[in-house]
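With the sequence up front, the predicted model follows.
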Amino acid sequence: MASRVLVPEQPRVGGGKQKNGQAEVRNRRVLRDIGNLVIAPAVEGKPQNPITRPITRSFGAQFVGKDDTAKATIPHKKDTLKPKNEAVISPYKEESYKNGIKLKEGSSKKPNKTLTSILTARSKVACGITKKPKDLIVDIDAADVDDELAAVEYIEDIYNFNKLTEDHGRVNDYMDSQREINSKMRAILVDWLIEVHKKFELMPESLYLTVNIVDRFLSVKTVPRRELQLVSDFIAISDNAYVREQVLLMEKAILGKLEWYLTVPTPYVFLIRSIKASLPADKEMENMTFFYAELGLTNYSTIINYCPSMLAASAVYAARCTLSRSPLWTETLKHHTGYAENQLMECAKLLVSFHCGVAENKLKAVYRKYSNTERAAVALFPPASILVPV
């Protein structure tokens, strides 16, 4: 039970009595101790019980009134005796005391959370004002920890390095420098390469590296139209259109112009990682992504305007839109590709526009390849409606 508050009688000034003030003190409810009392020595000869009433603004106002009469009831410092063992309550600096101990100025102690701050935080949560927690980033390499060939310890560094160096293997717009070759002829060549690649069941990365070498060579060397196929052919594949010496001379010319710099990050390097991050990664998703990537590989504008990592990420995004995967883009994909959803829109829409006209296009290597049931016939899927250009 809280003890009754005892207020020492103060000397009267001007003969007036402070009846109202004392009555107010007696009638106020006693609050619980909140630890803001200061234990001071009592006045000699007048031992006092400690005042246990907490500090409040209204209680402090009894000592510091709004009128001159109330102010006069507080004795001046020079007229009062030096207190000993008296409970003194300071009405001025409530924050300076904690558990009856005065805190030093400049104290580094952090203030406790107030009831107001707690209620405010809860109100924001109830109203949905606070930010929702981001989706967790899935560890896509967890299943490969025991696979030494997966190089899980270095995989992030490898892809970060590929991202930093991918521009070294890119080409600028070179068609204006070619007198006999245009973008349509290049598309015919790449379409033919896709057909040959499928027929001979070559490794997937061979196709992307071949197209990269062709583009890089054409960007530094003017090639006659009759020799364009020679840039990427063997004797048997070209139906004996060239002799052995011509093939060897062209290979030597290509390697010399490219300074033997063949190990470059192609879109395929990023496709593998992006598909792995597109959970769940099934065969349908994988084939749809490669379908969009090869459509982009065939078109000159895509290769020139978008770097390999963006082409790969856009192919994954276009595939997820076409297959109605939800969500269309995740924090895991953003983390591993390095691209947000809005950054991929332009390239993804371009890839979907190629899908819209692939059935009527004269160059049908990609369409035929991915219309096969072995590749889930993804070319026959209707294009993503949300990405179809208006």
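All right, it came through fine.

Next, please give the residue ranges for the strands of this protein.
Applying DSSP state E to the chain gives strands spanning 38-39, 87-88, 97-98, 101-102.

low pLDDT regions in the chain?
Residues of the chain meeting the criterion pLDDT under 70: 1-113, 124-135, 233-242, 389-390.

How is it partitioned into domains?
Here the domain parsing of the chain from automatic domain parsing is 19-102, 170-257, 267-387.

Compute the first-to-last residue distance for the longest one.
Same thing as domain 267-387. 21 Å (Cα to Cα, to the nearest Å).

what number of residues lie near L164?
By other Cβ atoms under 10 Å, the residues close to L164 number 10. The C-beta positions use only the backbone N, C-alpha and C, and glycine is treated the same way.

which parts of stretch 244-254 are buried?
250, 254 (16 or more other Cβ atoms under 10 Å).

Name the nearest residue to S314, ignoring sequence neighbours.
Nearest non-adjacent residue to S314, counting by Cβ to Cβ, 6 or more residues apart in numbering: C347, 3.7 Å away.

okay, now the one you found: neighbour count?
A total of 24 residues lie near C347 under the criterion other Cβ under 10 Å.

One more: Y306?
Using other Cβ under 10 Å, Y306 is surrounded by 21 other residues.

The one 10 residues further on now?
V316: 30 surrounding residues under other Cβ under 10 Å.

Next, the buried residues of stretch 258-275.
By neighbour count on 16+ other Cβ under 10 Å, the buried set for stretch 258-275 is 258, 264-275.

got it, and stretch 325-342?
325, 328-330, 332-334, 336-339.

Inside helices: which ones of those residues?
Using DSSP state H, the subset of the buried residues of stretch 325-342 located in helices is 332-334, 336-337.

and the end-to-end length of stretch 374-384?
Start-to-end span of stretch 374-384 (Cα to Cα) is 22 Å.

Now do the buried residues in that stretch.
Neighbour-count burial for stretch 374-384 flags 375-376, 378-379, 381, 383-384 (criterion: 16+ other Cβ under 10 Å).

which of these lies closest to V223?
Using Cβ to Cβ, A379 comes nearest to V223 of the buried residues of stretch 374-384, at 31.3 Å.

Can you name the residues in contact with stretch 161-179?
Under the criterion Cβ atoms under 8 Å, 6 or more residues apart in numbering, residues 181-183, 186, 212, 215-216, 218-219, 222-223, 261, 264-266, 269-270, 300, 303-304, 307-309, 338 lie in contact with stretch 161-179.

Return the members of those classed as buried.
The buried subset of the contacts of stretch 161-179 (16+ other Cβ under 10 Å) comprises 181, 186, 212, 215-216, 218-219, 223, 264-266, 269-270, 300, 303-304, 307-309, 338.

Please determine how far C321 is located from T289.
C321 sits at a distance of 11 Å from T289 (criterion: Cβ to Cβ, to the nearest Å).

Which one's more surrounded, the two?
Legend: neighbour count by other Cβ under 10 Å for C321 and T289, higher for T289 (28 against 22).

what sits against the more buried one?
T289 neighbours (Cβ under 8 Å, 6+ apart): 271, 274-275, 278, 315-316, 319.

need these in TSV with distance to A293, can you?
Putting those into TSV (distance: Cβ to Cβ, whole Å) gives the following:
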residue	distance to A293
L271	6
S274	10
I275	10
S278	13
A315	4
V316	9
A319	9
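
Give me the nearest residue to K198, chain neighbours excluded.
Nearest to K198 is K369, by Cβ to Cβ, 6+ apart, at 5.5 Å.

Who are the contact partners of that neighbour?
Applying Cβ under 8 Å, 6+ apart, the residues contacting K369 are 194, 198, 294, 375, 379.

Go again with 10 Å.
Listed by Cβ atoms under 10 Å, 6 or more residues apart in numbering, the contact set of K369 reads 194-195, 197-198, 287, 290-291, 294, 375, 379.

got TSV for those, with distance to A142 too?
What follows is those, written out as TSV (distance: Cβ to Cβ, whole Å):
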residue	distance to A142
I194	35
E195	39
H197	33
K198	34
N287	24
F290	25
F291	28
E294	30
R375	28
A379	33
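
of all those residues, which comes closest to Q229?
Nearest to Q229 among those: E195, at 12.7 Å, using Cβ to Cβ.

Now for the nearest residue to the closest one once chain neighbours are set aside, how many residues are close by?
Leaving aside its chain neighbours, E195 sits nearest to A365 (4.4 Å; criterion: Cβ to Cβ, 6+ apart). Per other Cβ under 10 Å, the neighbour tally for A365 reads 20.

So which of the contacts of K369 is surrounded by the most neighbours?
F291 (28 neighbours).

show me the contacts for the nearest residue to T266 once chain neighbours are set aside.
Take T266 and drop its neighbours on the chain: the residue closest to it by Cβ to Cβ, 6+ apart is Y208, 3.9 Å away. By Cβ under 10 Å, 6+ apart, the contact list for Y208 reads 197, 264-269, 271, 293-294, 297, 308, 312.
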